[in-house]
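Trainee: starting from these lines, generate the structure:
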Amino acid sequence: MSSILTSLQQSLRALARPRMALLIFLPPVLSFVFLFALFVSFWAGWISGLTGFFSSLTAVNWMTTLTGLTDFAYWCSVVFLVLLFIPMVFLFAVLMTSLFVMPIVLKWVGDVDFRGLQKKKGGSLLGSIWNTLSATVTFVILFVVTLPLWFLPGLQIVVPLVLASWLNKKVFLYDVLQDYASKEERQLIEQKSSKDLYGLGLLLGLLSYIPLAFFFVPVLLALSYTYYCLNALQSLRKGES
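Mentor: Just a heads-up that it's a prediction; the model follows:
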């Protein structure tokens, strides 16, 4: 837990640097605008399809009879799309941060705070792209498979958070350590710090549900994982020496 708090403190200090502030809003704003336009464009068709789907479910028909609301399936569709919007924007923002912002963040943080850390080049740009894309595909599959759990109270927030935490860990761990760590060092850090890496993703994922906080969470994620992983790599090498 102390390692998580240390990395968060370092991240918040870095976030206050003027040039870092320029990157804060780019991924979430572009993701929000793109998905908002997408949802508005296809809203009527999606609502129609989802309403037909929900109307075919026994549980929804039972609730329609119980409540007397003839448009219960319609409102289920509306709530579903509204709840879907936030995790989808978060997913797109994380992808943009990983592919376009992370290299800049890593260079700035590395040059300032980890200048003496040896780079062992245990990964590559192609490896990072493949890791990000494969993690995204897995995330989407798991997201679709776990959609029935959204009918259980509270899991509409818990399930996306857990999946987003896994995605954050999978994507940012490789992105941060691809240049600095060897393959063996990266695997060792992932093994030893697995709980902390998940916890960091869960904690910052929760922030994305706070109004306006979402707009700096993706870059804060990138910074936090950068500091956590490079601190862990430094400690690992000191222990070995």
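
Trainee: C-alpha from now on. contacts and neighbour counts both.
Mentor: Fine.

Trainee: ok, then the element right after the one helix or strand Y74 maps to?
Mentor: Using DSSP states H and E, the element containing Y74 is helix 72-96. For helix 72-96, the following helix or strand on the C-terminal side (DSSP H and E) is helix 102-113.

Trainee: can you give me the buried ones in the following helix or strand past that following helix?
Mentor: Per DSSP H and E, the first helix or strand lying C-terminal to helix 102-113 is helix 125-145. Buried residues in helix 125-145, defined by neighbour count with 16 or more other Cα atoms under 10 Å: 128-129, 131-132, 135-136, 139, 143.

Trainee: can you list contacts of helix 125-145?
Mentor: For helix 125-145, contacts defined as Cα atoms under 8 Å, 6 or more residues apart in numbering pick out 95, 98-99, 160, 163-164, 167, 170-171, 174-175, 178.

Trainee: that one versus helix 102-113: what angle between them?
Mentor: Here helix 125-145 runs at an angle of 120 degrees relative to helix 102-113 (axes from the mean of the first three to the mean of the last three Cα atoms, to 10 degrees).

Trainee: pull the CA atoms of the one helix or strand Y227 maps to into CSV?
Mentor: Assigned by DSSP H and E, Y227 belongs to helix 217-240. Extracted in CSV, the C-alpha atoms of helix 217-240 (Å, rounded to 0.1, in the frame of the first residue of the first chain):
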residue,chain,number,x,y,z
VAL,A,217,-7.6,10.1,-14.7
PRO,A,218,-6.0,8.6,-17.9
VAL,A,219,-2.9,10.7,-17.7
LEU,A,220,-2.8,10.2,-13.9
LEU,A,221,-3.0,6.4,-14.6
ALA,A,222,0.0,6.7,-17.0
LEU,A,223,2.0,8.7,-14.4
SER,A,224,1.1,6.4,-11.5
TYR,A,225,2.0,3.2,-13.3
THR,A,226,5.2,4.9,-14.6
TYR,A,227,6.4,5.8,-11.1
TYR,A,228,5.2,2.6,-9.5
CYS,A,229,6.9,0.3,-12.1
LEU,A,230,10.2,2.3,-12.3
ASN,A,231,10.3,2.5,-8.5
ALA,A,232,9.8,-1.3,-8.3
LEU,A,233,12.5,-1.8,-11.0
GLN,A,234,14.9,0.4,-9.0
SER,A,235,14.3,-1.5,-5.8
LEU,A,236,14.6,-4.8,-7.6
ARG,A,237,18.0,-3.9,-9.0
LYS,A,238,19.2,-2.6,-5.6
GLY,A,239,18.2,-5.8,-4.0
GLU,A,240,20.0,-7.8,-6.6
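
Trainee: could you give the angle of that helix to helix 102-113?
Mentor: 50 degrees.

Trainee: residues of helix 217-240 that come out buried?
Mentor: 217-234.

Trainee: follow-up on the earlier one: pLDDT and distance to R13 added to the buried residues of helix 125-145, as JSON lines?
Mentor: Listed next are those as JSON lines, based on pLDDT from 0 to 100; distance: Cα to Cα, whole Å:
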{"residue": "S128", "pLDDT": "87", "distance to R13": "27"}
{"residue": "I129", "pLDDT": "86", "distance to R13": "29"}
{"residue": "N131", "pLDDT": "90", "distance to R13": "29"}
{"residue": "T132", "pLDDT": "87", "distance to R13": "27"}
{"residue": "A135", "pLDDT": "89", "distance to R13": "29"}
{"residue": "T136", "pLDDT": "86", "distance to R13": "30"}
{"residue": "F139", "pLDDT": "88", "distance to R13": "31"}
{"residue": "F143", "pLDDT": "85", "distance to R13": "34"}
